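Peer 1: Starting from these lines, generate the structure:
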Amino acid sequence: MNLPPPSISAVPPESDGPSWAVRISRGAGAGIASAPGAWYEGSKRLGDIIGAFIGLLVAAPFLLIIALWVRRDSRGPILHRRQVLARQPWPSCGQSGLGVFDAYKFRTMIENADAILQSDPALRREYEKEYKLSRDPRVTRAGEILRAYSMDELPQFFNVLKGEMSLVGPRILSPPEILRYGDRGGTLLSVRPGLTGLWQVSGRHSVPYEERVRLDLWYITHRSFLLDLAILWRTVGCVISRSGA
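Peer 2: Numbers count the residues shown, from 1 in each chain. Sure thing, here's the model as predicted:
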């Protein structure tokens with residue numbers, strides 16, 4: 001699969017971002033004409049490694065408890081592996097510079113979740129439009145709690161350590177999903193996807209799909225070290241308060 005290069009014309013202007021993010025962006029000197037440099041990319045990767053390592057140390061006891069809970073709650077594997085798109089330098093990328101990796105999550109759905117989605121036209125239409133369901137009948141009892149507090153995403157710390165993801169970035173994208181974006185696809189895949197991101201702290205699951213994409217595009221062009229720190233800080237508050245869960 002070949003994608004066009006990142007498109008600045010596809011990105012919302014700086015003033016269209018959340019007011020708090022715009023203030024940080026202007027204070028950090030980030031703008032349409034100034035892409036983050038090597039210092040930012042290097043410090044971000046170092047921060048990802050340190051943050052993911054600390055996160056795994058803190059979460060280690062919970063990982064075991066959650067794994068046992070998921071196993072006991074319903075039939076199926078403990079982990080769900082979702083194939084998502086990535087650009088180089090990941091080893092799975094071919095000559096086109098585009099490949100896939102497995103994003104890890106604790107399984108939150110019943111074993112035959114895909115079959116249920118395909119057998120219900122109404123559910124399938126809603127999912128194809130929003131890539132989520134407002135009331136998902138496939139989610140397990142344990143899955144509802146794990147999703148509410150984003151604990152199902154704790155295994156993605158391993159993706160961050162491997163260099164496949166970042167602590168902060170745009171949402172992960174599956175191969176079928178990227179086809180609907182045209183020249184915006186190159187922009188969305190120009191940076192590593194994040195464990196959290198701008199749209200997650202702007203309403204989480206209550207944010208409409210197109211708005212999630214717009215916020216991701218805004219972040220990619222206006223990202224900075226200060227903005228990443230602010231998003232991480234706000235993520236903690238959103239998870240604790242279950243804002244938009």
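Peer 1: Touching stretch 171-182 from outside, list them.
Peer 2: With contact meaning C-beta atoms under 8 Å, 6 or more residues apart in numbering, stretch 171-182 is reached by 1, 3-4, 82-85, 100, 103, 131, 165, 185, 188-189, 193-194, 197, 199-200, 212-213, 216. In short, each C-beta sits where N, CA and C put it, glycine included.
Peer 1: Just say helix, strand or coil for the residue nearest to the spatial centre of the chain.
Peer 2: In the chain, the residue lying closest to the centroid (C-alpha atoms, centre = their mean) is residue 171, at 3.0 Å. Under DSSP: H, G, I helix; E, B strand; the rest coil, residue 171 falls in the coil class.
Peer 1: Among the contacts of stretch 171-182, name the ones in helices.
Peer 2: Counting by DSSP state H, the contacts of stretch 171-182 place 185, 188, 212-213, 216 in helices.
Peer 1: what's the lowest-pLDDT member of the residues you listed?
Peer 2: Within these, residue 185 has the lowest pLDDT, namely 80.
Peer 1: Would you mind measuring from that residue to residue 20?
Peer 2: Plainly put, residue 185 is 28 Å away from residue 20 if you go by C-beta to C-beta, to the nearest Å.
Peer 1: When those two are compared, which one has more neighbours?
Peer 2: residue 185 (22 against 13; other C-beta atoms under 10 Å).
Peer 1: Need the buried ones from the contacts of stretch 171-182 selected in ChimeraX.
Peer 2: Those of these that count as buried under 16 or more other C-beta atoms under 10 Å are selected in ChimeraX with:
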select :3,84,85,100,103,165,185,188,189,193,194,197,199,200,212,213,216
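Peer 1: Of the ones in helices among the contacts of stretch 171-182, which is the nearest to residue 51?
Peer 2: Nearest to residue 51 among those: residue 216, at 20.2 Å, using C-beta to C-beta.
Peer 1: Please list all residues in contact with that closest one.
Peer 2: Applying C-beta under 8 Å, 6+ apart to residue 216 gives the contacts 170-171, 188, 197-199.
Peer 1: Run through the residues that contact residue 143.
Peer 2: Counted by C-beta under 8 Å, 6+ apart, residue 143 has contacts 73, 107-109, 152.
Peer 1: now, which of those residues sits nearest residue 58?
Peer 2: Lowest distance from residue 58 to the contacts of residue 143 (C-beta to C-beta) belongs to residue 152, with 16.6 Å.
Peer 1: how would you label the closest one: helix, strand or coil?
Peer 2: Secondary structure for residue 152, judged by three-state DSSP, is helix.
Peer 1: how about the helices in this structure?
Peer 2: For the chain, the helices defined by DSSP H cover 19-28, 38-73, 113-119, 121-130, 141-148, 156-161, 175-178, 184-188, 209-222, 225-241.
Peer 1: Below-threshold pLDDT in the protein: ranges please.
Peer 2: The model of the chain has pLDDT under 70 over residues 1-15, 28-36, 87-97, 204-205, 242-245.
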